[in-house]
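Asks: Mind folding the following:
(chains A, B and C)
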Amino acid sequence: MIVRRHLFTAAVSLVVILFLWSPLVLVAINSFNSDTLLAHWKGATGHWYGDALDNESVRAGLRQTMTIALASTAVSLLLAVTGALWWRRAAARGRRMFDLLTYLRIMLPEVVFAVALFLLFSKVDFPLGTTAVVIGHTVWNSAYATLILQARTATLDPALEDAASDLGANPWRVFRRVTFPGLLPGIVAAGLLAFTFSFDDVVTSFFLTGGGTAPLPVVILSMIRFRITPEINAIGMMVMVFTVLMFAIGFLAVTRLGRGARRALTLPEGREQ
Amino acid sequence: MTNAARTALRSLLALPTVAWMLLFFVVPLGMVVVYSFASISLVTYDISFGWTLDNYREIHDPLYFDTLTRSVFLSVSTTIGCLLLGFPLAYFISRQPPRWQKVLLVLVIVPFWTSFIVRTYAIVNLLDNGGPVDDALQGLGITSGALNFMYTPKAIAVGILYSYLPLMVLPIYVSLERIDRALLDAAGDLGANARRTFRRVTLPMAMPGVAVGCVIVGIPAMGEYVIPEILGGGKTLMLGNIVTDQYLSVGDIPFGSAIAVALMAGMAIVVLAARRFQRVEAA
Amino acid sequence: MSTAAVRLVGLNKRFGDLVAVRDLDLEIPAGGFFSLIGPSGCGKTTTLRMVAGLEQADSGAIEVGGVDISRRPAYRRPVNTVFQSYALFPHLTVEDNVAFGLVEEKRPRAEIRRRVTEMLELVQLAGRERSKPAQLSGGQQQRVALARALVKHPQVLLLDEPLGALDLKLRKELQGQLKTVQRRVGITFVYVTHDQEEAFSMSDRVAVMNEGVLEQVGSPEEIYQRPSTVFVADFVGISNRIPATVQAPSGDGGAYALVAGAGPHFEAHGPPGIAVGSPVTVIVRPERVALGAEGIPGVITDVSYVGPARHLIVETEPLGLIHATVGGGEANVAEGDRVAVSWPSEAAWIVP
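Replies: Modelled structure (predicted):
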């Protein structure tokens, strides 16, 4: 690691990284702290974890969150890939309008989305619940996914698809053998991002869950609101480990996809592809 | 296949996104705007669709107007904070060899990969009376008596800064990373020392990333709900809280909609300004 | 009818307001090395892409081997392209790149492997099967692109300025290799370039394009010695342009008598049927201009030493500036010398 040349930025970086990690480390420590008041360290215990896992609303919340996140990611990726591929060859006017639509979804605070959909669903008598939440997540999730995929399609060399056509591949084969592998790093990145955003989400889920099973973040929110118990640290710790695990699995899965994907995933080192 | 046919087929690709957004984005927002001009009887909850500006006038009520200014102020200050902390970090990472870049990026992203709400709660842990920061500051003699930092706008600021920092780092990193080493060599070749190279080559080329970072931090920050809810202790300290309160507790949908529209208008201004800035930089 | 490899009939293509290709009629004979040259923007690349099927012509027909393929999409045409940027698939190995087209043809794996190996040997890249494009040099990548296109045995191979990105030495080397490969496989090569020298050194026949229009088609020698327009004359080399009027029609020897302005009478050759009294331009190549005692008198105003030759500019009274090239070894030329320039009448060519 090159440090000496960049002493100032290295120092700031160190401070920032410590800042980013210390609250999390604190949560980790406290999740094992047998002091109920968390005022001092009173010895290690695992019983908060037991309490958390026994909590039915936590377990149900986790299942619900997974379902919603997977569904929302899938739909968001579909919208993102089709949108980005269209955008690549679209005329300037179409592009501008599409971009406006994308940026609007990113810039608007989630609260506005949430109340708007809440209003729509209540006026057309569409039931709140899992589907409503997935719909809500996808509206803004697909915007981030689209941006990432647009960035990725911009790096695709159109000559590659020309070459594939020239060599005898029909449009579908061109997509499968050239375009899609080229998009794959973008799809993985966008998918991981979309999954996290959805998994994590509070506001949209809060508004659109209605009376049904609350996703985990909403469960946690209620727990924080009503009583702060050390159990939350245990839940928080488990959630953190889980999401990090998800990330690791996603990364490994992509590297197993084959030489092509792995090569395409390495950060640009000189020769742009 | 003719060119025209090919183009028509290709526009089908835009259909999924356009259809979804029309139905679940444009229409609902339109409804909110329409409702913001309606009036409601808080006794019967009957809504009458007049075109009244009463809801907007109510925003001027000091109670709500304070919240408006507080939201704007918090958003701006946390964006600047993220920039001051995030830019050096992004720069540092971009100057590392690729393997270290990955390691550092992981260190930045992993906290972001943890649950948003848990992170916010972790700040509570950290900054609460009796927590480690309080203990440390009292122990070092910097403060006397309880910190009482929690449940104040300052705590919200720290919470926002903490949660959104990676969102500032990543786009700036991407911009910096893309800067061709050859460009920096060329600058050095033309006589620029490190600082001037930074000012005249690196900084301008990082601007797109900075602009993106500021927008994706500043704007959601303004409409934050969760962080003020948790770190503000349930008082309606920011606009997002008011909207939620009006919609879900009070039931005054027209007024809640007016605030939502006000939020939207504010966002539009900020984004337009940022886009103009981005375009200038790109030129 | 002996089938030309490629026949273009009345091809037209415009991009918005810009006419890229205008009424192009061209026949490319089978089995040789054919080059399409011209300045940037002359339409040569557009023409090539239309043959490949990567661009749709607005009107006109394209025949390959006597078959009209104008309506066919690119992936169903018996032609393959070597791209200027090579367009190697970065996520595939060299082997998989070369095999790409054969996989699309659904060939059996053993056959694919055999043909790929053969082709890589032909382009001298045997042993690099498992490399990725990013690990290869520019010259090597170009050869992979060539192998990938050739392995499908297309009826015609299209090459779009494939050597543009390489340095001079490498370019010369690869030019030689391309010519050898073409001779070996016998497939018609259609080569697009803006470099006249490159085209001349490799090709059997050359077509010159300018602003979407075909100016001339012929062997390199024909194009150079007997250009049909002033543009062609200037594009392929330095030329002395002498405005003149035809005095007498061509006799048996094919020579016309002309007078240049109000000055000297001389003879030149030209295409048949030029009317008496027509104003024409006579082209004389500098290397055919001789310095001596007899001829048009003038003064040397500039001498440039370019290694193998010396390039002179001679100011003459009746004809203005005349460019001449003499061998580098001759020592007796210097600025200010009074000389007489002359050239044999076969060296003078009339461009109507």
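
Asks: the bottom helix or strand of chain C by mean pLDDT?
Replies: strand C:255-259 (a mean of 77; mean pLDDT, DSSP states H and E).

Asks: so what does it touch, helix or strand wise?
Replies: Contacts defined by 3 or more Cβ pairs under 8 Å, 6 or more residues apart in numbering or on different chains; DSSP states H and E place strand C:255-259 against strand C:240-248, strand C:265-269. Where you see a C-beta, it was placed from the backbone N, CA and C, and this is true even at glycine.

Asks: which one of those lies closest to chain B?
Replies: Smallest distance to chain B across those (Cβ to the nearest Cβ): 42.5 Å, for strand C:240-248.

Asks: still on that earlier bit, out of the helices and strands packed on strand C:255-259, the one nearest chain A is which?
Replies: Across the helices and strands packed on strand C:255-259, the minimum distance to chain A, taken as Cβ to the nearest Cβ, is reached by strand C:240-248, at 40.0 Å.

Asks: in the closest one, what's buried?
Replies: In terms of neighbour count (16 or more other Cβ atoms under 10 Å in any protein chain shown), strand C:240-248 has its buried residues at C:240-242, C:244, C:246.

Asks: So which of those is the closest to B:Met168?
Replies: C:Arg241 (65.2 Å; Cβ to Cβ).

Asks: Report the separation between the residue nearest to that closest one when sequence neighbours are not counted and C:His265.
Replies: Leaving out its chain neighbours, the residue that sits closest to C:Arg241 by Cβ to Cβ, 6 or more residues apart in numbering or on different chains is C:Thr281, at 5.3 Å. If you measure C:Thr281 against C:His265 using Cβ to Cβ, to the nearest Å, the figure is 17 Å.

Asks: Looking at these two, which one has more neighbours?
Replies: Taking other Cβ atoms under 10 Å in any protein chain shown, C:Thr281 and C:His265 do not tie; C:Thr281 has more neighbours (18 against 11).

Asks: From the contact counts, what lies against the helix or strand hosting A:Met66?
Replies: Element membership of A:Met66 [criterion: DSSP states H and E] is helix A:56-89. With contacts taken as 3+ Cβ pairs under 8 Å, 6+ apart, helix A:56-89 sits against helix A:92-107, helix A:130-154, helix A:180-200, helix A:216-226, helix B:3-11, helix B:15-21.

Asks: For the one residue in the stretch 151-283 of chain B that gets nearest to chain C, give its distance to A:His6.
Replies: Closest residue of the stretch 151-283 of chain B to chain C, Cβ to the nearest Cβ: B:Ala182 (16.1 Å). Going from B:Ala182 to A:His6 by Cβ to Cβ gives 20 Å.

Asks: got a pLDDT number for B:Arg279?
Replies: The model reports B:Arg279 with a pLDDT of 68.

Asks: cool, and B:Pro171?
Replies: So B:Pro171 comes in at 90 (pLDDT).

Asks: Quick check: it touching B:Val212?
Replies: Yes. Under the criterion of Cβ atoms under 8 Å, B:Pro171 makes contact with B:Val212 at 4.0 Å.

Asks: Quick one: the helices and strands packed on strand C:255-259 as JSON lines, columns for mean pLDDT too.
Replies: Output for these, formatted as JSON lines (pLDDT from 0 to 100):
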{"stretch": "strand C:240-248", "mean pLDDT": "84"}
{"stretch": "strand C:265-269", "mean pLDDT": "83"}
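
Asks: Need the ones you listed in TSV (columns: distance to B:Pro88).
Replies: Putting the helices and strands packed on strand C:255-259 into TSV (distance: least, Cβ to Cβ, whole Å) gives the following:
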stretch	distance to B:Pro88
strand C:240-248	65
strand C:265-269	76
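
Asks: tell me the contacts of the closest residue to chain B within chain A?
Replies: Nearest residue of chain A to chain B (Cβ to the nearest Cβ) works out as A:Pro109 at 2.1 Å. A:Pro109 makes contacts with B:219-220, B:222-225, B:240, B:263, B:267, as judged by Cβ atoms under 8 Å, 6 or more residues apart in numbering or on different chains.

Asks: what does C:Pro243 give?
Replies: C:260-261, C:279-282.

Asks: Can you list which of those residues are found in strands?
Replies: C:279-282 (DSSP state E).

Asks: Just the buried subset of those, please.
Replies: C:280-282.

Asks: ok so, going back, closest one to C:Gly212 among the helices and strands packed on strand C:255-259?
Replies: strand C:240-248 (24.0 Å).

Asks: How far does that closest one sit from its chain's centre?
Replies: Centroid displacement of strand C:240-248 relative to its chain, using Cα atoms, centre = their mean, to the nearest Å, is 27 Å.

Asks: Just want the angle from that strand to strand C:255-259.
Replies: Inter-element angle recorded for strand C:240-248 and strand C:255-259: 100 degrees (by axes from the mean of the first three to the mean of the last three Cα atoms, to 10 degrees).

Asks: Partner strands of strand C:240-248, with direction?
Replies: Strand pairing for strand C:240-248, determined by DSSP bridges: strand C:255-259 (antiparallel), strand C:279-284 (antiparallel).

Asks: Save these as CSV, and put in distance to A:Ile135 too.
Replies: Output for these, formatted as CSV (distance: least, Cβ to Cβ, whole Å):
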stretch, distance to A:Ile135
strand C:255-259, 84
strand C:279-284, 75
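
Asks: Tell me, how many residues neighbour the closest residue in space to B:Phe116 that isn't next to it in sequence?
Replies: Nearest residue to B:Phe116, sequence neighbours excluded (Cβ to Cβ, 6+ apart): A:Asp200, at 4.6 Å. As a burial measure, A:Asp200 scores 23 neighbours (other Cβ under 10 Å).

Asks: ok, now how distant is A:Asp200 from A:Ile220?
Replies: Distance of A:Asp200 to A:Ile220, computed by Cβ to Cβ: 11 Å.

Asks: which residues do these two both contact?
Replies: Overlap of the contact sets of A:Asp200 and A:Ile220 (by Cβ under 8 Å, 6+ apart) consists of B:115, B:117.

Asks: I'd guess C:Glu315 is in a helix, am I close?
Replies: No. Counting by DSSP: H, G, I helix; E, B strand; the rest coil, one finds C:Glu315 to be strand, located in no helix.

Asks: and the closest residue to it other than its chain neighbours, how far is that from chain A?
Replies: With Cβ to Cβ, 6+ apart as the criterion, C:Glu315 has its nearest non-adjacent residue at 4.8 Å, and that residue is C:Thr301. According to Cβ to the nearest Cβ, to the nearest Å, C:Thr301 stands 49 Å off from chain A.

Asks: Can you classify C:Thr301 as helix, strand or coil?
Replies: Applying three-state DSSP: C:Thr301 is strand.

Asks: is it true that it touches C:His311?
Replies: No. Counting by Cβ under 8 Å, C:Thr301 sits too far from C:His311 to count as a contact (11.9 Å).

Asks: who's more crowded, these two?
Replies: Neighbour count, other Cβ under 10 Å: between C:Thr301 and C:His311, C:His311 has more, with 17 against 13.

Asks: which ones are touching the more buried one?
Replies: Applying Cβ under 8 Å, 6+ apart to C:His311 gives the contacts C:286, C:302-304, C:323-325.
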